[in-house]
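A.B. asks: sequence first, then the predicted structure:
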Number of protein chains: 2
Amino acid sequence: MRALIVDSGQLRLEKHYPDPVVDETTALVQPTCMGICDTDLQLLRGYMDFSGVLGHEFVGVVCQGPEEWLGKRVVADINFACQACDWCARGQQHHCPQRTVMGILNANGVFAESVAIPVSNLLAVPDSVSDDQAVFTEPLAAAFEILEQVSIGKTERVLVLGDGKLGLLCAQAVATTGASVTVWGHHQSKLDRIADRVHGVISPDWEGRPFDVVVEATGTREGLQSAIASVRPKGTVVLKSTVADAHQLSLAPIVIDEILLVGSRCGPFQRALQALDHGEVDVNCLVDYIFEFDQAIEAFEHAGRRGVLKVLLKPELK
Amino acid sequence: MRALIVDSGQLRLEKHYPDPVVDETTALVQPTCMGICDTDLQLLRGYMDFSGVLGHEFVGVVCQGPEEWLGKRVVADINFACQACDWCARGQQHHCPQRTVMGILNANGVFAESVAIPVSNLLAVPDSVSDDQAVFTEPLAAAFEILEQVSIGKTERVLVLGDGKLGLLCAQAVATTGASVTVWGHHQSKLDRIADRVHGVISPDWEGRPFDVVVEATGTREGLQSAIASVRPKGTVVLKSTVADAHQLSLAPIVIDEILLVGSRCGPFQRALQALDHGEVDVNCLVDYIFEFDQAIEAFEHAGRRGVLKVLLKPELK
């Protein structure tokens, strides 16, 4: 099959990659739409030391597996857990120490003609949700993880740092609580895309650090320092960016102001699908380019350009 | 009066420092016992840019002020709040933006013959608590702050990193919950001092990161990295050390393992006095040296030496 491979930091499109092996616990899924994530770009730069088929954002159709799933349109949780350890027993499959992660850690991803996925990871996509929307399920679930970890209500003042894909999804997810949400970013054109849902600002002009919760989604080394500087004493900073390399940081303000710092990663897929189903968030506005899968290398070049939001891949453009 | 002054990073004992000015909201207190804290040593190295009378750990006697306090043995919360802002209205005086902090931020400290303290900050010391114990109220309150911020019960496995003064107090405060507490440190002689209350270890030989809560109290740059490496996924790291300068740090593990990082500073004085009153903690075992106030400079030299725990000052040794 055709597959997009990363190997020693090099990206290449293989025409005759081995087909996935399926057993009774897995289903074979043909992706119909795939999304390029910043994590994919980081993996190319060596993050997680990954090699194999890239990709973890997708929607697809089950073409082989249990009868009740055959022909179904699906998305899937990207953490493949052992289902046997204490973590899995407690419903914390995302933290299973034996887990593999699709397209990220010891498991092939979705940038291919087909991918093998544990049946227990599959979720059916509601008919009302289009492929171009369903492909956002994984990053939107990560955004909703914030609400699993931090209690946010209508009276909270929330700042989201970063107007990239993750920032704009986090802002919309938090806005579903009725909280007052401000997004700070460099690009008016990006902020405008969700202007009907949250307040976007280019220049930080807030005084007196009024924010109860600050979500760091800039993906930059400076993001956390800005977050700490914007949150009130005893406030909460949610760290969404994975800035993998070590960098200079002073943590004294965290102690002095007794700030709560919450690391936040994968989230509830079902909640994300529900939000898409009910129109609680707008993901279509985040799509900048759609490429045919055969143009995947070019698609990656676009995805890596400054200012570009979501780039999607499809087996073929009709 | 005699007072121990820090000025441009220099420590000096003044013989004729101006007496404190008292008004109707303050009491004049004569310290009978004072403790040297690592923060004092940091202030000497330039932390907070402090100049004035040093010192914030003390017990003393009220010699001027409201009649109901005259002659009383007291300790005092070190945060002098405005009592007028929103923070103070919510009972969060420790985070009042206008606060001064005794011997740390824009307020003279206790290493002197007398000190002016807001009456609302005073707490009476129970008769059962000796001066040598009561002088630990402030750092012990900071240790108990952990229990105000993090829910710790009998089933939690807690690791305290650091066998210094703060680490040994934190370990004892956490142990009052009935949780299993392990202290990691370099010095068997220090760990032995609280061996009847917690499990002390020299070499970290734990496998599989079993700790639900890790308290970082090493006061070193490496402490946080060790804490992150020892806590389980979704566990809590309590940051007690104020490592003021910026240092190299990778925060990706916080995101990947969804760790909660809690900055923790000043705590509940009343709870600390209660613990001393009921014998829930042993502070006497932490005292290494007691100096006369006139030997304060020499006392500071001892306090700065590696391996030394608490150094106390008294007006005169009887």
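C.D. replies: Structure received.
A.B. asks: can you tell me the element A:A141 falls in?
C.D. replies: Using DSSP states H and E, A:A141 sits within helix A:137-149.
A.B. asks: in that helix, what counts as buried?
C.D. replies: Within helix A:137-149, the residues that qualify as buried are A:T137, A:E138, A:P139, A:L140, A:A141, A:A142, A:A143, A:F144, A:E145, A:I146, A:L147, A:Q149, counting by 16 or more other C-beta atoms under 10 Å in any protein chain shown. C-betas here are computed from N, CA, C, even on glycine.
A.B. asks: settle this for me: A:F111 is touching A:A296, isn't it.
C.D. replies: Yes. Here A:F111 reaches A:A296: they are 6.4 Å apart, a contact under C-beta atoms under 8 Å.
A.B. asks: common neighbours of the two, please.
C.D. replies: Shared contacts of A:F111 and A:A296 (C-beta atoms under 8 Å, 6 or more residues apart in numbering or on different chains): A:L4, A:L313.
A.B. asks: so those two - more neighbours on which side?
C.D. replies: More crowded of A:F111 and A:A296, by other C-beta atoms under 10 Å in any protein chain shown: A:F111, with 30 against 23.
A.B. asks: that older thread, and the buried residues of helix A:137-149 near chain B, which?
C.D. replies: With C-beta under 8 Å from any C-beta of the partner chain as the criterion, these include A:Q149 near chain B.
A.B. asks: ok, of the buried residues of helix A:137-149, which one's closest to A:Q172?
C.D. replies: A:A143 (7.2 Å; C-beta to C-beta).
A.B. asks: what's the one helix or strand A:Q225 maps to in contact with?
C.D. replies: Per DSSP H and E, A:Q225 falls inside helix A:223-230. Identification of contacts with helix A:223-230 by C-beta under 8 Å, 6+ apart yields A:159, A:161-162, A:204, A:206, A:209, A:211, A:214-218, A:237, A:239, A:241, A:243, A:249-250, A:253-254, A:257, A:259, B:251.
A.B. asks: tell me the buried residues within those residues.
C.D. replies: Buried among these (16+ other C-beta under 10 Å): A:159, A:161-162, A:209, A:211, A:214-218, A:237, A:239, A:241, A:243, A:249, A:253-254, A:257, A:259, B:251.
A.B. asks: out of those, which are inside strands?
C.D. replies: With strands defined by DSSP state E, the entries of the buried ones among the contacts of helix A:223-230 inside them are A:L159, A:L161, A:F211, A:V214, A:V215, A:E216, A:V237, A:L239, A:L249.
A.B. asks: tell me the one among those nearest to A:M48.
C.D. replies: A:L239 (17.8 Å).
A.B. asks: from A:T26, how far off is that closest one?
C.D. replies: According to C-beta to C-beta, to the nearest Å, A:L239 and A:T26 sit 33 Å apart.
A.B. asks: please name the nearest non-neighbouring residue to the spatially most central residue of chain A.
C.D. replies: Closest residue to the average C-alpha location of chain A: A:P139 at 2.4 Å, with C-alpha atoms, centre = their mean. Distance criterion C-beta to C-beta, 6 or more residues apart in numbering or on different chains; nearest residue to A:P139, sequence neighbours excluded, is A:L169 at 5.6 Å.
A.B. asks: what of A:V29?
C.D. replies: A:G60 (4.2 Å).
A.B. asks: helix or strand: which one has the one you found?
C.D. replies: Using DSSP H and E, A:G60 sits within strand A:57-64.
A.B. asks: that strand: partners in the sheet, and parallel or antiparallel?
C.D. replies: Applying DSSP bridges, strand A:57-64 is found paired with strand A:26-36 (antiparallel), strand A:73-76 (antiparallel).
A.B. asks: I'd like to know how many residues surround A:A229.
C.D. replies: A:A229 has 11 neighbours, counted by other C-beta under 10 Å.
A.B. asks: distance-wise, check it relative to A:D19.
C.D. replies: With C-beta to C-beta as the criterion, A:A229 and A:D19 are 51 Å apart.
A.B. asks: you'd agree A:D132 is in a helix?
C.D. replies: Yes. Counting by DSSP: H, G, I helix; E, B strand; the rest coil, A:D132 is part of a helix.
A.B. asks: wait, isn't it in contact with A:L286?
C.D. replies: No. Assessed by C-beta under 8 Å, A:D132 is found out of contact with A:L286, at 10.0 Å.
A.B. asks: so if I had to pick from the two, which one is more boxed in?
C.D. replies: Neighbours were counted for A:D132 and for A:L286 using other C-beta under 10 Å; A:L286 has more, 21 against 18.
A.B. asks: report the contact partners of that one.
C.D. replies: Contacts of A:L286 by C-beta under 8 Å, 6+ apart are A:F136, A:K165, A:L168, A:L169, A:R193, A:L309, A:K310.
A.B. asks: what residues does the stretch 151-300 of chain A put near chain B?
C.D. replies: Counting by C-beta under 8 Å from any C-beta, the stretch 151-300 of chain A sits next to chain B at A:208, A:224, A:233-234, A:239-265.
A.B. asks: and A:D86, backbone torsions?
C.D. replies: When read as degrees, to the nearest 10, the backbone of A:D86 gives phi -60, psi -40.
A.B. asks: ok, now how distant is it from B:S180?
C.D. replies: Separation of A:D86 from B:S180 (C-beta to C-beta) stands at 17 Å.
A.B. asks: those two - which one has more neighbours?
C.D. replies: Using other C-beta under 10 Å as the criterion, A:D86 and B:S180 rank with B:S180 on top: 18 against 9.
A.B. asks: what sits against the closest residue in space to the more buried one that isn't next to it in sequence?
C.D. replies: Closest residue in space to B:S180, ignoring its immediate chain neighbours: B:R157 at 5.2 Å, by C-beta to C-beta, 6+ apart. Under the criterion of C-beta under 8 Å, 6+ apart, the contact list for B:R157 reads B:A179, B:S180, B:T182, B:P210, B:F211, B:D212, B:V213.
A.B. asks: so for these, which is the shakiest by pLDDT?
C.D. replies: pLDDT across the contacts of B:R157 is lowest for B:P210, at 81.
A.B. asks: tally of neighbours for that residue?
C.D. replies: Applying other C-beta under 10 Å, I find that B:P210 has 14 neighbouring residues.
A.B. asks: quick one: contacts of the helix holding A:A141?
C.D. replies: By C-beta under 8 Å, 6+ apart, the list of residues contacting helix A:137-149 reads A:35, A:37, A:56-57, A:59, A:75, A:78, A:123, A:125, A:152, A:165-166, A:169-170, A:172-174, A:176-177, A:215, A:238, A:240, A:262, A:264-269, A:271-273, A:275-276, A:281, A:283, B:258.
A.B. asks: in strands, which of these appear?
C.D. replies: A:G35, A:E57, A:V59, A:V75, A:L123, A:V215, A:V238, A:V262.
A.B. asks: of all the residues you listed, which comes closest to chain B?
C.D. replies: A:V262 (5.6 Å; C-beta to the nearest C-beta).
A.B. asks: now the helices for the stretch 201-318 of chain A?
C.D. replies: Using DSSP state H, counting those that start in this stretch, the helices of the stretch 201-318 of chain A run over residues A:223-230, A:252-256, A:269-277, A:296-303.
A.B. asks: make a markdown table from those and add mean pLDDT to it.
C.D. replies: Conversion of the helices of the stretch 201-318 of chain A to a markdown table gives the following (pLDDT from 0 to 100):
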| stretch | mean pLDDT |
| --- | --- |
| helix A:223-230 | 90 |
| helix A:252-256 | 90 |
| helix A:269-277 | 98 |
| helix A:296-303 | 97 |
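A.B. asks: quick one, which of these gets closest to B:H94.
C.D. replies: Nearest of these (C-beta to C-beta): helix A:252-256, 10.0 Å.
A.B. asks: for that closest one, packing partners?
C.D. replies: Helices and strands touching helix A:252-256, by 3 or more C-beta pairs under 8 Å, 6 or more residues apart in numbering or on different chains; DSSP states H and E, are helix A:223-230, strand B:260-263.
A.B. asks: let's see it at 6 Å
C.D. replies: Here helix A:252-256 touches no other helix or strand, going by 3 or more C-beta pairs under 6 Å, 6 or more residues apart in numbering or on different chains; DSSP states H and E.
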